[in-house]
Structure formats: structure tokens, C-alpha cells
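Peer 1: let's see this in three dimensions:
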Amino acid sequence: MFRSLHTRNYRLFFVGGLISNTGVWMQRTAQSWIVLVLSGGNGLALGSATFLQFAPVLLLSIPAGILSDRFSKINLLVVTQALMGGVSAVMAVLDATGVLALPHVYLLAAVLGVITALDAPARQSFVSELVGLEHVVNAIGLNSASFNVARLLGPAVAGLVIGHLATWVLFAAHALSSVAIVSSLLRLDRTSLFQVRRSSTVRGQVVEGFRYLGRTPVLILFVACASLLSAVGLNSLQVVLPLVATQTFQVGAVGFGLLTASLAVGSLLGALLSGRAVGIPRRRWVFGTAIGFGASQMVVSVIPVYPGFAVGLAVSGLLFMSFVVAVNTSVQLTAAVEMRSRVVAAYMMFFLGGGALGAPVLGLVADQLGPRTTICCAGAVGVLVGGGCALLLFLGGRRRARSAVVVTGVAEAPGTSVGH
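Peer 2: So this is what the prediction gives:
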């Protein structure tokens, strides 16, 4: 399960990422809470902050993927991670001095979105250079585990800090945590990286990347399913969860942090279990976990008590992370090596961009229909999307099988074979 950690470069990246991601989740929890407080509990305001943070991905992911294909990923990541820490430092100062207002939060969220768009393709595709293709599935699973350990620790600590100290402490913690990942990146042994062929020219590469994606139907299904689940399913938890904590169960900041941590517990288990897999996941597993995630949301939406709701969130987290690791691995290993960063960039563009577009819509729906109904409807969409993609995959397989039978029949028809 932990075989990728035997590689020194990956071990450094893993530890630095764990510390940094913990800071990221502290920052995100603090940002959601401060928007909730400043807006008076408005769902649309929560969704708008999420939109601004992830909307830049729609515009910048593909150019960022080209940069990642052409230049050193280490250098790119050092710059982006340092900038993320700088943005959180600015937010900490504004909050500590009492001048932080919603426009400041929206602006800084948008700046973080731009940096994230530049960071994500390099970070996602860098894994194969750290461990090589033999261990890439295990490394992706461990990356997801690291992310979700941070997702477990960050919000839980954040809830306690908000309740007993202040939100600016969390922004400052994120700024300091960025030092860990930058330090890890600078300590990597560049001579031990698994080299991939780099592109030599920029012209036409954006179009080339989309053409490659368009020529690969299964990649289209992977990207479409992930994007829609991000836009509706994941947003229904990330955007609506603060409202569940404050309006449905009235448990305050600590209770909000614990709900987010419960979701992370399940996500961590999903990541660890996924890390045991070898090779490209079965496609029916990819879409089956999507269906399971949607169904779990529908169940969670009707659980009446806080402890049961938290347990249900853990189940949803397990299923969603199982889907994310499976689809992420499938996208990376299905794409040609020289196209991988561009394909991953397109995947991240739709995955994060879908989340950006869906966030304000779900926030508005939650304001009108309530948090529970919003989660239930999002789950129904997840079931339909996963089932629809599975059906298209099945029909496509049958169509290819019929074509193969026809071709074989023609080739073996009397008088057509060599020697007749």
C-alpha cells in the first residue's frame, strides 16, 4: 500500500504536500465561515466565493497544461505554492486588523483561483515523474490519502480555532504551511526524476490537446462524469455543508468543522483502499462509484440526527474519493505520455470549472429549497450521470463488437481469403 514512499523524491513531495494541504483546508474552512458570517448566512454568497476561486480554471488550465508539458514542473510548483502562501498572508493581515470585508474575500479567492489553475496540471501530472508508470496508481492513491488526511485535520482544527481564537490564525497557518511544500520541492533530486518527452512548440497545442481528447471517447466519458459530479455532487456538500451546520443542526463552527472532518474520514478510507489497486481501474468501477456516491447523498439528505448525518457523510466521502482516484488514474494512464499534461489540464479545467459554475447555482437552490432538498437533488443527478455514462459505455462496446463481427465475417467469406 505504501510502496511509492520507498522513493525518496516521492516521500519528500508527500510529506510537504500533507503539511501544505492541511493549511489549505484550514484556509478554506476559515474562508467559508467568514463568508457565512459576513453575508448573514447567505447560500448564494458561499457559492459565489467558490465560483470566484475556481472559475479561473476554465480559462487557464489548458495554457497551464502546455507550460507544464514544456517546462520544469518543480520550478512551476515552487512559484505557485509560494504565491498561494502570500495570498493567505494578505488575508490574515486584513482579517487580524478588522478590515476584511466580502469584496476582499471575493478578490483574494479569485487570485487564489488563478494560481490554482496554473498549479493543478503540473501537480497532478508530476506524480508519474516522481515514481514512474509502474507505481503511478499507488502514488495517486497515496496523494489522495494525503489530501484527505489534511482534509480531516484541517477543518477539525479550524473549527476549534474559530471557536476559541480567530479566523486570521488559520489564514496565517496556511501561509506558513506553504513553506513546507516549497522546501520539499527544492530538496528533490532532479537527476532521479523519471523523464518524459517535452513538447518543443506552443503553437497549435491547445487545439491538439482538445482534438486528442475528442478522438478518445472513453476520455470524454471520464471527463464529463467527473465534471458533472463536481458541479453538482461535490458542491452540494462543500457549499451547502456550512448551511447544514448552522441552519439544520445549529452546531456552530465546531460542528461545521466536525462535519467536514467526517466527510474527510470517508474520503481518506476511499483513497487508502484505492491505493491498493494496480493498473487502470475497470470502467464499470469508475461509473459504479459515481452511482453509489449519488445514491449515498440521497440517503444522507433524509438522516434526521447530527451523529447519523456525520456517519452518512463519511460513506459519501468514501464513495466520492473512490470515484475520483479511479477516474484520475484512468485519465492519466489512458492518455499518451506526451499528451498527458494537456489531457490532465483539460480534465482539471472541466472538473474544477464545473465546480465553479455549479457553486452559485447550488447556493441559490439551497436558499430557496433548503440544504436537505439540495443535497437530495444533487444525489439524484449523480445517479443519473453515472448511470448514463455506464449505459453509453455499454452501448459503445456492443457497437464495436458488432462491427468486429461484420469485419471478421467479410474477411472469412468464401473467395475473399488468401489462397482461395
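
Peer 1: how far out from the middle of the chain is stretch 48-60?
Peer 2: 13 Å (Cα atoms, centre = their mean, to the nearest Å).

Peer 1: start the count at 545 instead of 1 going forward.
Peer 2: New numbering, starting at 545: the last item is stretch 592-604.

Peer 1: would you map the helices across the stretch 645-794 of the chain?
Peer 2: Per DSSP state H, counting those that start in this stretch, the stretch 645-794 of the chain carries helices over the ranges 646-669, 671-675, 680-708, 711-730, 749-758, 761-772, 779-782, 785-787.

Peer 1: rebuild those helices as CSV, extending it with mean neighbour count and mean pLDDT.
Peer 2: For glycine as for every other residue, the C-beta is placed from the backbone atoms N, C-alpha and C. Shown next, in CSV, are those (neighbours: other Cβ atoms under 10 Å; pLDDT from 0 to 100):
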stretch, mean neighbour count, mean pLDDT
helix 646-669, 21, 85
helix 671-675, 23, 75
helix 680-708, 23, 75
helix 711-730, 21, 90
helix 749-758, 15, 71
helix 761-772, 20, 85
helix 779-782, 24, 73
helix 785-787, 23, 84
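
Peer 1: and Leu580, which of the ones you listed is closest to it?
Peer 2: Each of these has some distance to Leu580 by Cβ to Cβ; the shortest is helix 785-787, at 5.0 Å.

Peer 1: buried ones in whichever helix or strand comes after that closest one, by neighbour count?
Peer 2: Using DSSP states H and E, the helix or strand that follows helix 785-787 in sequence is helix 796-818. By neighbour count on 16 or more other Cβ atoms under 10 Å, the buried set for helix 796-818 is 797-818.

Peer 1: cool, and stretch 623-632?
Peer 2: For stretch 623-632, a neighbour-count test (16+ other Cβ under 10 Å) marks Val623, Thr624, Gln625, Leu627, Met628, Gly629, Val631, Ser632 as buried.

Peer 1: of all the helices of the stretch 645-794 of the chain, which one is nearest Phe938?
Peer 2: Of all these, it is helix 761-772 that lies closest to Phe938, at 11.1 Å by Cβ to Cβ.

Peer 1: need the helices for the stretch 845-964 of the chain, in chain order.
Peer 2: Using DSSP H, counting those that start in this stretch, the helices assigned to the stretch 845-964 of the chain run over residues 850-878, 884-913, 915-955.

Peer 1: got the angle between the shortest one and helix 761-772?
Peer 2: In other words, helix 850-878. For helix 850-878 against helix 761-772, the angle by axes from the mean of the first three to the mean of the last three Cα atoms, to 10 degrees is 150 degrees.

Peer 1: what's helix 850-878 packed up against?
Peer 2: On a contact count with 3 or more Cβ pairs under 8 Å, 6 or more residues apart in numbering; DSSP states H and E, helix 850-878 meets helix 646-669, helix 680-708, helix 761-772, helix 796-818, helix 827-844, helix 884-913.

Peer 1: now render the ones you listed as TSV, adding distance to Arg555.
Peer 2: Listed next are the helices and strands packed on helix 850-878 as TSV, based on distance: least, Cβ to Cβ, whole Å:
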stretch	distance to Arg555
helix 646-669	16
helix 680-708	10
helix 761-772	28
helix 796-818	17
helix 827-844	28
helix 884-913	23
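
Peer 1: out of those helices, flag the one nearest Ala789.
Peer 2: Each of the helices and strands packed on helix 850-878 has some distance to Ala789 by Cβ to Cβ; the shortest is helix 796-818, at 3.7 Å.

Peer 1: can I get the closest one as PDB, trimmed to CA atoms?
Peer 2: Provided in PDB are the C-alpha atoms of helix 796-818 (Å, rounded to 0.1, in the frame of the first residue of the first chain):
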ATOM      1  CA  GLY A 796     -21.800  26.300  15.100                       C
ATOM      2  CA  ALA A 797     -18.200  26.500  13.900                       C
ATOM      3  CA  VAL A 798     -17.000  23.400  15.800                       C
ATOM      4  CA  GLY A 799     -19.900  21.300  14.500                       C
ATOM      5  CA  PHE A 800     -19.200  22.600  10.900                       C
ATOM      6  CA  GLY A 801     -15.600  21.600  11.300                       C
ATOM      7  CA  LEU A 802     -16.500  18.100  12.500                       C
ATOM      8  CA  LEU A 803     -19.000  17.500   9.600                       C
ATOM      9  CA  THR A 804     -16.200  18.500   7.200                       C
ATOM     10  CA  ALA A 805     -13.900  16.100   9.000                       C
ATOM     11  CA  SER A 806     -16.400  13.300   8.800                       C
ATOM     12  CA  LEU A 807     -16.500  13.700   5.100                       C
ATOM     13  CA  ALA A 808     -12.700  13.600   5.100                       C
ATOM     14  CA  VAL A 809     -12.600  10.400   7.200                       C
ATOM     15  CA  GLY A 810     -14.600   8.600   4.500                       C
ATOM     16  CA  SER A 811     -12.500  10.200   1.700                       C
ATOM     17  CA  LEU A 812      -9.300   9.000   3.400                       C
ATOM     18  CA  LEU A 813     -10.600   5.400   3.600                       C
ATOM     19  CA  GLY A 814     -11.500   5.600  -0.100                       C
ATOM     20  CA  ALA A 815      -8.100   6.900  -1.000                       C
ATOM     21  CA  LEU A 816      -6.300   4.200   1.000                       C
ATOM     22  CA  LEU A 817      -8.400   1.400  -0.400                       C
ATOM     23  CA  SER A 818      -7.900   2.800  -3.900                       C
END
